[in-house]
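Undergrad: give me a model of this one.
(2 chains)
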Amino acid sequence: MDDPGGRLAALRAAVLGGPGATDRDLRRAAASGAAPGVWSGYVRSVREASYRVSEEDIAVLKAGGIGEEEIFEVTVAAAVGAAFDRLEAGLRAVAES
Amino acid sequence: MRLGVLEHGHGRAARWFQKIVVTLMGHEVDDVVKTAMHRPGFFGRHFFAYGQEVLRGPSFWTVAEREHLAAVSSELNECPFCVRVHTETARLAGHHDVRPELAAVITFITLLNRGGVTAADAAAVRAAGVPVEALVEALHVNTIFNIVNRLGNAFGWSWDSDEHVHAAARVIQRTRYRLPGLVLR
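TA: Model prediction:
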């Protein structure tokens, strides 16, 4: 593989640092699992048990005045962050072995 | 899909691409591609660049083994959408038996996705004959699916039918995860 780490870094840079409907701080918080307020439970679900996310969860966010673009961005940030943390955990174990 | 913007929020080239696919194949573009084509500079373009390299670039692991690993990760993350299609892509790529090296990596990935791994776990994989670079490659396959499984579950991705799954798997087999550049601009 040709530099998968570099390609993942480009993905993270776009999702967490690129322009968007949401603040970069919110996306970075979602990536680390520490999103505030109304996002807290949703981001935790996406990171830890995404199979539990329901139609209703999304409806609750929308009913709270959150737009679809914001939900899109925060969901992608949470997914990328959780996946990256798992990769880092694996790489740490490899480095220490 | 649970977000209308992922179903309908596409640029002109992506809209044309979807019409052509429906006309030629009789199936809609799948939900992964629809999601990737929505504001591709934010996610899809970079995600597909990463995915193509990890899943189809040169590797210690065959394409069939990477597709099997994709299905394993998806099962661990309880993403039925991804399990269905990657079980089929692994079959199409000729996946049969799991060689001992892949079995060792599957054990490692299972532990990682279920809670955590230690240096001893990594050492066990290396002792099974897996070079460090190959273990890192497998970790990247797992990373791809740790992203996409979460998106599939959260956004409510679905298949219209078994035939839709098989058609998508055949497209993946043929195109090697390459999409027309215009639809990801």
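
Undergrad: give the contact list for the residue nearest the centre of chain A.
TA: Most central in chain A under Cα atoms, centre = their mean is A:A78, positioned 1.3 Å from the mean C-alpha point. By Cβ atoms under 8 Å, 6 or more residues apart in numbering or on different chains, the contact list for A:A78 reads A:A30, A:A31, A:G33, A:A35, A:V43, A:V46, A:R47, B:R150. For glycine as for every other residue, the C-beta is placed from the backbone atoms N, C-alpha and C.

Undergrad: out of the residues you listed, who has the most neighbours?
TA: The most crowded member of the contacts of A:A78, judged by other Cβ atoms under 10 Å in any protein chain shown, is A:A30 (31 neighbours).

Undergrad: near the closest residue to B:E133 other than its chain neighbours, how many other residues are there?
TA: Closest residue in space to B:E133, ignoring its immediate chain neighbours: B:F60 at 6.8 Å, by Cβ to Cβ, 6 or more residues apart in numbering or on different chains. For B:F60, the count of nearby residues is 18 (other Cβ under 10 Å).

Undergrad: ok, longest helix in chain A?
TA: helix A:68-96 (DSSP state H).

Undergrad: now it: buried residues?
TA: Across helix A:68-96, burial judged by 16 or more other Cβ atoms under 10 Å in any protein chain shown covers A:68-87, A:90-91, A:93-94.

Undergrad: same deal with stretch A:50-62?
TA: A:S50, A:V53, A:D57, A:I58, A:L61.

Undergrad: now the third one: how far from chain B?
TA: Between A:D57 and chain B the computed distance is 8 Å (Cβ to the nearest Cβ, to the nearest Å).

Undergrad: that residue and A:V43 touch, don't they?
TA: No: using Cβ atoms under 8 Å, A:D57 is not in contact with A:V43; the gap is 10.8 Å.

Undergrad: got the contact list for A:E48?
TA: A:A82.

Undergrad: where do the helices of chain B begin and end?
TA: For chain B, the helices defined by DSSP H occupy B:4-8, B:12-25, B:31-37, B:44-56, B:63-76, B:80-92, B:100-114, B:119-127, B:132-155, B:162-175.

Undergrad: which one of the ones you listed lies closest to A:R24?
TA: helix B:44-56 (16.0 Å; Cβ to Cβ).
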